[in-house]
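S.K.: no sequence for this one, just the structure:
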């Protein structure tokens, strides 16, 4: 399973976070479940900054059920008091059945009128595994059988995010991704638009920035120039620009704060 801190900009600030693999029946619908739980002293707050995966999330919290589209920027949530959430990182095959226009959800969310799901998850908490099982069953029932296009979209997302073989050289060009999937570049672009809402290039950029943030944070002996070269950036300035545009700070500033 992917590193549980990938995309989390400041892991030391995390509340208790459980990440669970889906059961086999839901494996084509969700990559994993993420379940934060927190109980902070009065007057204390925890700021959670996340560079999310280029994917949608189904989120159940005590006050409702929401469907969040893919994001193009880093997000922040301030936690206070006590609470919980049960989230499912959706695979494209699921999102395409839950939303008729994934591109309209980019950087947005919609509330879902799913009171029975909310009640069942609330009853299961604080047992995260039981709550995730409830959401998995709901997804299987709601989405139904996965189509051939849904499976192709899942494979596309895996290829663009480096999931199948993380130790192999990452695919950094659309031509290479299209060749790997045995489709045209135009078909790849249309598939991503219909099932994720982002372009394939945007998905590759997000994965690369996630990897860069993790390397900058953890591999303090590596120079920023070396990290930029290893991850396919044109140069260190390109890496710096990506950090400033999406995260609002330079790579060196991020390293000093981590």
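M.R.: The structure has been received and is ready for your questions. These numbers were taken from a predicted model, which means no experiment stands behind them.

S.K.: May I ask you to confirm that residue 69 is in contact with residue 105?
M.R.: Yes - assessed by C-beta atoms under 8 Å, residue 69 is found in contact with residue 105 at 2.6 Å. Every C-beta, even on glycine, is put in place using the N, C-alpha and C of the backbone.

S.K.: joint contacts of these two?
M.R.: Residues touching both residue 69 and residue 105 by C-beta atoms under 8 Å, 6 or more residues apart in numbering: 56, 99, 197.

S.K.: Buried only: go through those for me.
M.R.: Taking 16 or more other C-beta atoms under 10 Å as the criterion, what is buried in the shared contacts of residue 69 and residue 105 is 56, 99, 197.

S.K.: So the last one, which state does it fall into?
M.R.: By that I understand residue 197. coil (DSSP: H, G, I helix; E, B strand; the rest coil).

S.K.: give the contact list for it.
M.R.: The neighbours of residue 197, taking C-beta under 8 Å, 6+ apart as the test, are 56, 69, 70, 95, 101, 102, 103, 104, 105, 106.

S.K.: ok, of those, which come out buried?
M.R.: Buried among the contacts of residue 197 (16+ other C-beta under 10 Å): 56, 69, 70, 95, 102, 103, 105, 106.

S.K.: Turn those into JSON lines, including distance to residue 134 and pLDDT.
M.R.: Shown next, in JSON lines, are the buried ones among the contacts of residue 197 (distance: C-beta to C-beta, whole Å; pLDDT from 0 to 100):
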{"residue": "56", "distance to residue 134": "19", "pLDDT": "96"}
{"residue": "69", "distance to residue 134": "23", "pLDDT": "96"}
{"residue": "70", "distance to residue 134": "24", "pLDDT": "94"}
{"residue": "95", "distance to residue 134": "19", "pLDDT": "96"}
{"residue": "102", "distance to residue 134": "24", "pLDDT": "96"}
{"residue": "103", "distance to residue 134": "29", "pLDDT": "95"}
{"residue": "105", "distance to residue 134": "23", "pLDDT": "96"}
{"residue": "106", "distance to residue 134": "28", "pLDDT": "95"}
